Structures are given as C-alpha cells and as structure tokens.
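K.L.:
pasting the structure only:
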C-alpha cells in the first residue's frame, strides 16, 4: 500500500513536472502566436484561392503541383503537399500558429518518452523536457517553428515514432511485428514528405546495432532490410525523375536543387547549419542583430522574464526532489544517436548551391529544428557522465548551475524570439491585415467585374487568387508599379496603395480609378484619375485624417500643384469596429494619384509622366539595325528620379550618340545618362555635370579599379547639342555638333556595367538633369566622322 502511494505520488509529481517544462517552452516561444504567415506560408496559405480561380478542387490542385515538381524538378515528395489541405481547413492565422505550437509540444513530449526508453532515467527525461527552451531561437527569414506548415514538426514526429516502434520491436516479444510494421510505415511516410529523411535510415541502423538481441551481421541486415527496400524504391523514383529532368532540361530551379559537390563549400555549409542549432547562435555570430533588441516591448520582457525565473525555480525544486535510481545506460548511446540527429538532417541540405550561398553563421535552414534535439541528446550524454562521477551534493550544484543557465538562455531566447516576430510582422502580418480589413470594410465594393489592380509595394499575396477570396467582384489581373504588363488590359484599372504603421495598430488602404497611365519598360512612372476611396484605422489617425498630393485643373492638365483634404472634404461611406471608409470625387480636377499621401505618412512626391518620341520623329541614322543596342528619345523637360532602361551588352567597339538641349540651370552632378557605378564598383560610363560647373558635362568610364575622366564638354542651353562618343578597345573619339573634338587614349580597359542605363538622373535619384534628351542611341559599332557629319546635316535641316 505504501509502495502504491509512493508510485502514485511520483506519477503526479512527474506529470506536474511535464506541465512545468512544457510551460517553460511555451513561455520562450509563445510570441509565435502573434506572428503572420511567413516565407512560403505567405503564399501557400491562400493556395485554395488559386485552386478556386482555376475551377479545380484542392485534390486536383494538389495533384497538379505534385506532378509539376516531379516533371520540372525531378523531386519526389508527394505527401509534402498536405499543406494545401491544412490551409483549406485552417483559415485563421492564430489557429494555425496555435496548431504549430501544439505540434512542438507533442515533439518535446514524445522526445522525452524516447529518452526515457533509451536511458530508463526519469531525471534525464525531465531534463530533456527543459533543454529545448535553451535552443529554440527564431531567425529571419526562414524559421521552422514560425511557419512551414508543421513540416519539420511532422517529420520529427514521424521519425521519433518510427524509432520508438523499432525499439519496441527489438525489445518486445508481444506484438513485435505490429511495432515493426508501424516503424516501417512511419519511415515511409517521412521520406515521402521531405527528402532529408532518406539518411535517417542511419538512425534505424544505430538502434538495431545497439538493441538487437541477435548480434550478427546477418541479423542486422535482415532487420534493416525493409527500410533499405523502402528507401531504394522511393529514392530510385527520385533518381529516375532527376535523370529524366536532366534529359528534358525543364528545371526552373536548377541552381537550388542540383547538388554542388564542391567539398570546401559543402563542409563549410554543413558546419554553419550544425552550428545554428547551438544556444544563441543566431545572435552570437550576428551582433548586428542585437540592435533589434532595443525594439523589444519592455513590459512584456519584464513580465515574461519574471515568469521564466519562477518556472525555472519550480523546475529546479522538482529536480532536487528526484531520487533517481543508479544510471544504467552508457553515455555512448545518447552520444551516438545525438550526433546522428545533429548531423544527418543537414547532410543533403548542405549540397544545395542555393543554401551554400545563402546560409551564414547563425542562419540555419529548416532542418536545424531536428538538430536541436540531437544537440540535446549530446548534452544529456555529458550530464550523464557528470552525474555518474559526483555525489548528491555535487549533483545539487550541477542542477543549480543548470537552473541559472536555463533562466539566462530562456530570457535571451524570449527576447530574440519577440523581436524576430516583430520584424517579420512588418513584412508578413501588418500589411496583410491592413488590406484584408480594408476589403472587408468595403474598399472594393464598387470595383467592376474583371478590373485590374496596380499595387504600389508588392507583397507575396498581391495576386488575383488572394484578392478574389475577399473581393465581392472578381479581379482579372494584379500588376505592380515596377512590373506592369499590358495583358489584354481591361477597361478599368485601379491603383492600390496600402501601408501599416505603429506596429500594425494603424493602417490605411487607398484605391483610385486610373484614367491615364505612363509606363516605360514595364515600370509605371505616373497615373492620373479624379477620385479615390480610403479605408483607415486608428482613432487618432481617423480624427486627424488628411489627404495630400498633386492635382491639376482639367483645363490645364499639365500644371500640377499641391493640395490637402481633410475628413470634412470627404464622404463617409461606412464604418465598423476596425476603421472608416471614405470617398472623394472631383470632376474638375486631374489627380496625380501616385502622389497621394495619407496623414503625411509618406513623402509627398509627384509622378513623372514619360513622353517618349516616336521613331518617325528621330533623326539619327537607323539603317544598320543589327548593331543597335538602344535607340530612344523623349519630349520631357524634366526627368524626376530618372528613367531606368535595360542593362546593355556592349562590344569592344561601341558608340553613344545623343541629342541634348540643356536647361539654363542644373544641380550638381546632373546626370544625362549612365550605367555606373556597376554592381562591383568602378564599372560602366556616365555623362554628368562637372560638380557645380553649370552645363559643363564630363564623360567618365570605369576600368574596374577607378573612374577615368575622358573629356569636359560645354553644352549650350536652349539649343540642341549633338554628342558622339565612339569607343575603341584603347581610345575614345569625341564629336560635338558634327565636328571632331579630340581623341583620348584610355588609361585602363573599359569594364561594362550590368546595371540598368539611367537617363535624366542616376540610380539614387538625387542628380536630376533639366532639359530635353530628344534622342539617345547606343550601338555596337564604331561611329566615324562621315556618319557624324551626315547625322548633323539631318539635324540642321530639321530645324
């Protein structure tokens, strides 16, 4: 009876300890509940909208994606796409995050059970439940706990389950083949979800070598054989698909998924990935991340720190009460299995050229989640060695030190996790909430069917599939200011700008019908309209609402001036608990809708309307078209932030010709054209004003080591100046107004830039040229005096 009461009391205490340990882990990672759909989740979360848009079921969508990966990438992981069903069922981001948290807690609990099986030590099991709080550290941009649809949590759950069932098969006489079958099934499911688990067959081999009752090579091979068969079949399919893909050359992500066997890069990436599982690795090698710590909410940090200290104290008391039986397990079991869990998840990832380039010290990719538990097993093996060598008093000191370290790491990890969530929310949560609330608040209520949206800043969800989930009318296209396409443009286009402020507590969405649009090289430079709607949240923002921008009278539509409207000028359409919807229409005005600014939250910047010249209005000879790289021209007298053109491939011999009519006054370093400074610095060419010497322009080029000035040209304002620069491999011939000016021998070999060519300004937008660049022609040929004279004659005759 006494023994029964003691055992019952021990069970109750153990359950209490489990609750405390899990609570500690929750305290460290609970900020995840307040995060948005990050990384891949930001797209996968509305995949059911893509299926609906294609008029297919989720199952059909699942099959199409699976077949696409098999055909185009040679990857065979068909069960990985369960995520589409997951997001179809769970549509709330908070519920989704809670489900990840539950999966993590299940992982920790099952891992503790696995440790109990291996060690038969309640004390080590209890410690194993605490240690994850030392290691769980969120990181940008990809984190296995913050997102990725349970992927690593599910894979770890399946792997642990497979190993536990294998353990029971090796150690039990009853139901052993049921356990064996379940183990094989769990392994099969895991390798059909994520290929990193191919190598987890090594974990099964280690378990068989340690716990098999039959100590012979034949017995080992026999027990491992079903796992080998499963791996051979699934892996064989993957190999065949890869071979077919290589023959067909259909891969769109070859850089990511084709292994790179450069051993130097491989080992370095593997070490980086392993190191990322260590405590504080994200902060220790990236001290710049510490600057974000000042953004942490102080009251939240203080309350959480006190709670973490209290929980650790209660855990410490429980550990002290534990009178464990003598340790019977060798530390080598934990060490070998721990090293396997630490290293194996990262072996295949380290072969990827993408991750060889992207992974830095402290920035572990997703498999680091499983490596956490491998490191825990290694730590447990060290604790086991220490506990075997010291007495009860020494054990108290070790446990006290354990508590101090647990408190420090728990608090630091909580602060890090809070800050990472906040920083990621700026991209993934706050903007998405703003636009979702705005659409629900009626922002799209009057959009015609099959309209086109042009969004300002592009987020992953800025596609029709996302908007059509919430919009009352179906959208036909979603484009952006930086990537505009003329795809059978519908009759109605709308410009949409939405922004969150003050950590997502305040935000606005403003939409306006587009009447006129200025597009060049797929980039939108200007838009006009005569109305807008705005949805805004935040009591203070609503109370002080003001809309400013540029508008012009319809009678003089090119003379724009600033304006400012308040809520009194706007019509209140509707309101709800989240915010207010206003509208404004003025048929007597032309709005520069791209310039609209709400509550002065953004800089008031006018649009730039490009007026490109037609070919029939150009004069420079265009007969040898095969060598022409660029030939364009503009009527504009001002160039705003400049016009970015496409990057150019230039031969050894090339020419630049331009017709330039400068204004009377220029800013310092006013840029007429150039593709400098290059992505590697000291590349490309530039024709810009010589500091503040008004209308004296200098041609410079980069040779990879420095920029070399070639010539200063004094351009006459108010008239057309015909400029020609003809580059040979060693010299540059310079012409002005049909006359040869000089020939300059280059100090170094010209190194071209792969940056876009900017006209009328340079890439930073603070060197605007004032005047007309009526023609600009660049060709891969040397231009001689005869051609220059002919062109100048045509120009003179046209005056």
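P.N.:
Noted; the coordinates are in hand. Because the structure is a prediction, the values reported are computed rather than measured.
K.L.:
ok, the closest residue to residue 510 other than its chain neighbours - contacts?
P.N.:
Using CB to CB, 6 or more residues apart in numbering and skipping the chain neighbours, the partner closest in space to residue 510 is residue 534 (4.5 Å). Backbone N, C-alpha and C define where each C-beta goes, glycine included. Applying CB atoms under 8 Å, 6 or more residues apart in numbering to residue 534 gives the contacts 508, 509, 510, 511, 547, 570, 581, 582, 583, 598.
K.L.:
quick one: secondary structure of the closest residue to residue 794 other than its chain neighbours?
P.N.:
The shortest distance from residue 794 to any non-neighbouring residue, by CB to CB, 6+ apart, is to residue 619 (4.8 Å). Three states are possible here, and by DSSP: H, G, I helix; E, B strand; the rest coil the one that applies to residue 619 is coil.
K.L.:
Please tell me how far residue 619 sits from residue 633.
P.N.:
Here the criterion is CB to CB, to the nearest Å. By it, residue 619 lies 9 Å from residue 633.
K.L.:
cool, and residue 515?
P.N.:
Using CB to CB, one gets 26 Å for the distance from residue 515 to residue 633.
K.L.:
And these two? Which one has more around it.
P.N.:
Between residue 515 and residue 633, counted using other CB atoms under 10 Å, residue 633 has the larger neighbour count: 23 against 14.
K.L.:
so that one touches residue 776, yeah?
P.N.:
Yes. Checked against CB atoms under 8 Å, the pair residue 633 and residue 776 is within contact range at 6.3 Å.
K.L.:
overlap in contacts of those two?
P.N.:
Common contacts of residue 633 and residue 776 (CB under 8 Å, 6+ apart): residue 659.
K.L.:
Give the burial count for the nearest residue in space to residue 150 that is not next to it in sequence, as a bare number.
P.N.:
Excluding the flanking residues, the one nearest residue 150 by CB to CB, 6+ apart is residue 103, at 5.2 Å. Here the count is done by other CB under 10 Å, and residue 103 has 18 residues near it.
K.L.:
In contact with residue 103, which residues are there?
P.N.:
150, 153, 154, 157.
K.L.:
got the contact list for stretch 398-416?
P.N.:
Outside stretch 398-416, the residues within contact range by CB under 8 Å, 6+ apart are 24, 27-29, 31, 127, 130, 133-138, 279-280, 282-283, 289, 293, 296, 301, 304-305, 308-309, 312-313, 315-316, 319-320, 383, 386-387, 390.
K.L.:
again, 7 Å this time
P.N.:
By CB atoms under 7 Å, 6 or more residues apart in numbering, the list of residues contacting stretch 398-416 from outside reads 24, 27-28, 130, 133-134, 136-138, 279-280, 282-283, 293, 296, 301, 304-305, 308-309, 312, 316, 319-320, 386, 390.
K.L.:
And the helices in the stretch 451-600 of the chain, which stretches?
P.N.:
Assigned by DSSP state H, counting those that start in this stretch, the stretch 451-600 of the chain shows helices spanning 464-470, 539-543.
K.L.:
helix/strand/coil for the residue nearest to residue 203 when sequence neighbours are not counted?
P.N.:
Counting by CB to CB, 6+ apart, the nearest residue to residue 203 once its immediate chain neighbours are dropped is residue 340, at 5.3 Å. Going by three-state DSSP, the secondary structure assigned to residue 340 is helix.
K.L.:
Residue numbering should commence at 74 henceforth.
P.N.:
All set: I'll call the first residue 74, so the last point we hit is now residue 413.
K.L.:
so who does residue 413 touch?
P.N.:
Residues touching residue 413, when contacts are defined by CB under 7 Å, 6+ apart, comprise 275, 276, 279, 447.
K.L.:
can you rerun that using 6 Å?
P.N.:
The neighbours of residue 413, taking CB atoms under 6 Å, 6 or more residues apart in numbering as the test, are 275, 276, 279.
K.L.:
do residue 722 as well
P.N.:
Residues touching residue 722, when contacts are defined by CB under 6 Å, 6+ apart, are absent altogether.
K.L.:
And the closest residue to residue 357 other than its chain neighbours, what's its pLDDT?
P.N.:
Distance criterion CB to CB, 6+ apart; nearest residue to residue 357, sequence neighbours excluded, is residue 435 at 6.6 Å. Reading off the per-residue confidence, residue 435 sits at a pLDDT of 87.
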